[in-house]
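Undergrad: All I have is the shape, not the residue letters:
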């Protein structure tokens with residue numbers, strides 16, 4: 001079992017930054033690939049970014065439009081069993097509940113690939 005607890009959400013003005021954290025607990029938590037998803041009331045849950053267990057490989061969602069690459073950075077510190085999402089140049093369109101998830105699989109995009117989920121943290125970006 002892996003437990004995930006997100007933190008770091010809040011209210012920020014457009015153009016600002018936030019850094020989300022996801023603390024993982026469980027004996028094998030550091031061996032899972034980790035990801036961030038987000039969901040707003042009017043949209044389906046959306047893949048944001050993922051990172052492999054060592055931190056050496058990252059993957060960002062919506063690569064066609066590049067909505068996350070360059071603005072968001074996923075990282076992890078296995079010594080602290082924590083995954084981070086640094087978000088810069090935030091806009092109101094980034095307003096959502098952000099979820100942390102863990103997977104033992106290799107297909108990182110679909111939410112159905114993930115074995116464990118956190119409860120989410122709200123990010124609100126004001127214009």
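TA: The structure has been received and is ready for your questions. Just so you know, these numbers come straight off a predicted model, no measurement behind them.
Undergrad: residues in contact with the helix or strand harbouring residue 85?
TA: Secondary structure from DSSP states H and E places residue 85 in strand 82-87. Identification of contacts with strand 82-87 by Cβ atoms under 8 Å, 6 or more residues apart in numbering yields 17-24, 34, 36, 48-49, 51, 71-77, 94, 98, 100, 123. In short, each C-beta sits where N, CA and C put it, glycine included.
Undergrad: Repeat that for stretch 58-66.
TA: The set of residues external to stretch 58-66 that reach it, using Cβ under 8 Å, 6+ apart, is 46-52, 67-69, 72, 74, 108-109.
Undergrad: what residue is smack in the middle of the protein?
TA: Against the mean C-alpha coordinate of the chain, by Cα atoms, centre = their mean, the closest residue is residue 36 at 2.0 Å.
Undergrad: Quick check: beta-bridge partners of it?
TA: Beta-bridge partners recorded for residue 36 (DSSP bridges): residue 49, residue 100.
Undergrad: What are the boundaries of the strands in the protein?
TA: Under the criterion DSSP state E, the chain carries strands at the ranges 3-7, 10-13, 18-25, 33-39, 46-51, 58-60, 72-77, 82-87, 96-103, 116-117, 121-126.
Undergrad: Just put these in CSV and tack on mean pLDDT.
TA: Rendered in CSV, the data for the strands of the chain read as follows (pLDDT from 0 to 100):
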stretch, mean pLDDT
strand 3-7, 96
strand 10-13, 98
strand 18-25, 96
strand 33-39, 97
strand 46-51, 96
strand 58-60, 94
strand 72-77, 96
strand 82-87, 97
strand 96-103, 97
strand 116-117, 96
strand 121-126, 98
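Undergrad: before we move on, the earlier item: from the contacts of stretch 58-66, pick the one nearest residue 81.
TA: residue 51 (13.2 Å; Cβ to Cβ).
Undergrad: And for that closest one, the neighbour number?
TA: Number of residues near residue 51 (other Cβ atoms under 10 Å) recorded here: 22.
Undergrad: Residue 27 too?
TA: Residue 27 is flanked by 8 other residues according to other Cβ under 10 Å.
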